[in-house]
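Participant: How does the following fold in three dimensions:
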Amino acid sequence: MDSNARLLRIRLVVLCFLMLFVELALIRWLGGNVLYLAYFSNIVLLGSFLGIGLGFLWAKRSEVQIYKFAPLALAALVVFVHNVPVTVVSTGGDLIFFGAELKPSGPPRELALPAVFLAVAFILACIGNGIAHTFRQLKNLDAYQFDLIGSLIGIVGFAVLSFVGAPPIVWGIIVTVVFVWTLWPRQIADGALLAIPLLILLATWGIESREENVLWTPYYKANYLLGDSGAGVLVNGVPHWFQTSDEDWPLYQTLYERRASSDPVEDLLVIGSGSGNDVAVALANGAQHVDAVEIDHRLLDLAKKYHPNDPYGNPRVDTHVDDGRAYLERADKSWDQIVLALPDSLTLVQGASSIRLESYLFTVEAAEAYREHLTDDGVFAMYNLYRESWLVDRYAQTLTDAFGHEPCMTKLEGTVAVLVVGVDPSAVNCPPGEQWVASVDAPEPVSDNRPFPYLKTPSIPTFYIVALGLILLASVVLVRLVGGPMGAMRSYADLFFMGVAFMLLETKNIVQFALLFGTTWFVNALVFSGVIASVLLAVVVSKRVRVKNLNLMYGLLAISIVIGWLIPQNSLLPLGFWPRLLAACAIAFAPIFIANVIFSQRFRDAGDSMTGFAANLIGAMVGGVLEYTALVLGYRNLLIVALLLYTAAFLSGRRTLAAST
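Facilitator: All right, here's what the predicted structure looks like:
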């Protein structure tokens, strides 16, 4: 290998690292600074796919490189958001957003979301253009292989920074180093275009990183306030929890007053222990042992440090940093009482359009798991400010289905309610008039296949339809303006359909692993890394083996997708950890590997790698839009949609297949 080829490969790896790193940084930073955007973080992902595709299309059409404008575009967005309060309004409709009671002002979300989408798309188009100019100087599969290596490093690198709580200034320094190395100026004007935006970017993120009482956790930007009663935490600008030394609040005491037994609880599980208030109340009520589960280790450390009663320091308490559902499914013990304590995450599982971190705690299958992990006279309790009465009814019906009898429902102030149910009805002392009675219009419980408890009915909310419609319209216009006539892309329609289908496969894998192993940042990072590693393996195999009959590969792909559809994802939960991991990897990554063998064999001989790769990336963006159909279809049926799309890829690529066979 000559030195020029080696340098091109290194440059491509570095640029693709930058691409993924900036994409993930924008998802985290915009979610922390644009109020309520964390509920719509998938919009940033869609903008990234479109932007990279546009960057490739522009490289095909023009020799004018726009990569040099990437620092300016990134700095402009950061400065604007940092200095101008931006809000995505989240009120109204049949979809509940916690924190909406703040009633912030801002543009309609139908307009705000497309605006964020376009801003991100422009930044990634500039970076994508830099990648494209290097990409086209290498053989197609060589370029694709090193593109994936850089992307994998970007994912792992940002995951590590998220775990240690690195603030934005650290991200900025890394981005600056990459920009300087890849854009080292030869003229004064180019130097100014590089240096000034980067200095502004570093200054802005540096100022933010020096703010007092701010933590960057793997999930949030957390601001905390200190007072006589401990700490109060806002995550992504929304109130999350507040500590208190008062252990006699009616909300907390109701959990124990409804127990028929007057004996102290011997073994208690708190899911979503967060502030430590529930643990402190449990200890005050005589609990002999408490297992406290909290998903965010940095917020847990904060709670340990500042709670006035120091519940986490009590030797009767064991803490577990984990997803509540995953911890429960792995546990081989039973508790006398399980408390679901305000597990409102206020953010999405990264890479999933509608699943929040706590979504799998509220399904029928989760309620059945609670029952199975209670002793014969055990009691389950949950409480919250539910915002809507129909949500209380949904959870009450869920408990009824799982336990076989109606829970006791104590209404406090407004829509604050406490639901208590026992394995044995006699284990609960329910005052007259508090036994829950089903209403005629109560929404049905949700399942692991459709884990959307905050959506009243299986539907796509109107504001999503409008916003996504505007995004698709803008995408069509931009592809036409940047790429010129679309005739050239028609010959790569199969690659477009592959991109759409691949995004749905990836989404299905993310939610499957979230259910089986937890919605933690670590599991999420492993899934993304596993997806890219599977694609990388497919490319390496394709570089060494030429598959002459892609019809056979399409057949194997169809079989692997059908197998994934036939096996419900929650059917793997009873398995031990290692058998469950092996089964989940086989079901999830087999179709991804086969699909990318097909893509690699097709892409190897593409005469116009720029247009072909752009078509695939734009297809991935469309797949991200189609992901919202899971709100109606459920995630399992996304596999059927993916199968239909791969069928469209097969049919549209028949001429190429005929030539290869």
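
Participant: Quick one: the strands in this structure, in order.
Facilitator: Using DSSP state E, the strands of the chain run over residues 214-216, 221-227, 230-235, 238-242, 267-271, 289-294, 317-321, 335-341, 374-385, 408-411, 416-422.

Participant: For I131, which of the ones you listed is the nearest?
Facilitator: Across the strands of the chain, I131 has its closest neighbour in strand 214-216 (27.6 Å, C-beta to C-beta). Just so you know, the C-beta spots here come from the backbone N, C-alpha and C atoms, and that holds for glycine as well.

Participant: Can you give the contact residues for the closest one?
Facilitator: The contact list for strand 214-216 (C-beta atoms under 8 Å, 6 or more residues apart in numbering) reads 28, 32, 162, 165-168, 208, 221-224, 298-299, 302.

Participant: Most neighbours among the residues you listed, please name it.
Facilitator: R28 (27 neighbours; other C-beta atoms under 10 Å).

Participant: right, and V13 touches I149 too?
Facilitator: Yes - if you go by C-beta atoms under 8 Å, V13 and I149 touch, sitting 5.4 Å apart.

Participant: So for those two, which sits in the more crowded spot?
Facilitator: Ranked by neighbour count (other C-beta under 10 Å), V13 and I149 place V13 first, with 21 against 18.

Participant: if we can go back for a sec, right, and out of the contacts of strand 214-216, which lies closest to G487?
Facilitator: Among those, and counting by C-beta to C-beta, the member closest to G487 is R28, at 39.4 Å.

Participant: Counting by contacts, list what the longest helix seen in the chain packs against.
Facilitator: Looking across the chain with DSSP state H, the single longest helix is helix 3-33. Packed against helix 3-33 by the contact rule (3 or more C-beta pairs under 8 Å, 6 or more residues apart in numbering; DSSP states H and E) you find helix 42-61, helix 70-83, helix 109-135, helix 140-164, helix 168-182, strand 221-227.

Participant: what helices or strands is the first one leaning on?
Facilitator: In this structure, helix 42-61 packs against helix 3-33, helix 109-135, helix 462-483, helix 609-626, with contacts taken as 3+ C-beta pairs under 8 Å, 6+ apart.

Participant: And for the fourth one?
Facilitator: On a contact count with 3+ C-beta pairs under 8 Å, 6+ apart, helix 140-164 meets helix 3-33, helix 109-135, helix 168-182, helix 521-544, helix 577-604, helix 609-626.

Participant: Ok, the third one next?
Facilitator: In terms of contacts (3+ C-beta pairs under 8 Å, 6+ apart), helix 109-135 is packed against helix 3-33, helix 42-61, helix 70-83, helix 140-164, helix 462-483, helix 609-626.

Participant: can you redo the ones you listed as TSV with distance to S542?
Facilitator: Listed next are the helices and strands packed on helix 109-135 as TSV, based on distance: least, C-beta to C-beta, whole Å:
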stretch	distance to S542
helix 3-33	18
helix 42-61	20
helix 70-83	31
helix 140-164	6
helix 462-483	26
helix 609-626	14
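
Participant: In TSV, list the ones you listed along with mean pLDDT and distance to S245.
Facilitator: As requested, these are arranged in TSV below (pLDDT from 0 to 100; distance: least, C-beta to C-beta, whole Å):
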stretch	mean pLDDT	distance to S245
helix 3-33	93	29
helix 42-61	93	40
helix 70-83	94	36
helix 140-164	94	31
helix 462-483	91	41
helix 609-626	93	46
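
Participant: so which of those gets nearest G576?
Facilitator: Nearest to G576, of all the helices and strands packed on helix 109-135, is helix 140-164, at 26.1 Å by C-beta to C-beta.

Participant: closest to E358 out of the helices and strands packed on helix 140-164?
Facilitator: With C-beta to C-beta as the criterion, E358 lies closest to helix 521-544 of these, at 14.3 Å.

Participant: Which strands or helices does that closest one pack on?
Facilitator: The contact analysis (3+ C-beta pairs under 8 Å, 6+ apart) places helix 521-544 against helix 140-164, helix 493-517, helix 577-604.

Participant: So which of the ones you listed is the most surrounded?
Facilitator: Sort the helices and strands packed on helix 521-544 by mean neighbour count, taking mean count of other C-beta atoms under 10 Å, and helix 493-517 sits at the top with a mean of 25.

Participant: circling back: Throw the helices and strands packed on helix 140-164 into a markdown table and include distance to N570, thanks.
Facilitator: Converted to a markdown table, the helices and strands packed on helix 140-164 look like this (distance: least, C-beta to C-beta, whole Å):
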| stretch | distance to N570 |
| --- | --- |
| helix 3-33 | 28 |
| helix 109-135 | 32 |
| helix 168-182 | 37 |
| helix 521-544 | 16 |
| helix 577-604 | 11 |
| helix 609-626 | 23 |
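
Participant: Tell me which of these sits nearest to D278.
Facilitator: Nearest to D278, of all the helices and strands packed on helix 140-164, is helix 521-544, at 23.2 Å by C-beta to C-beta.
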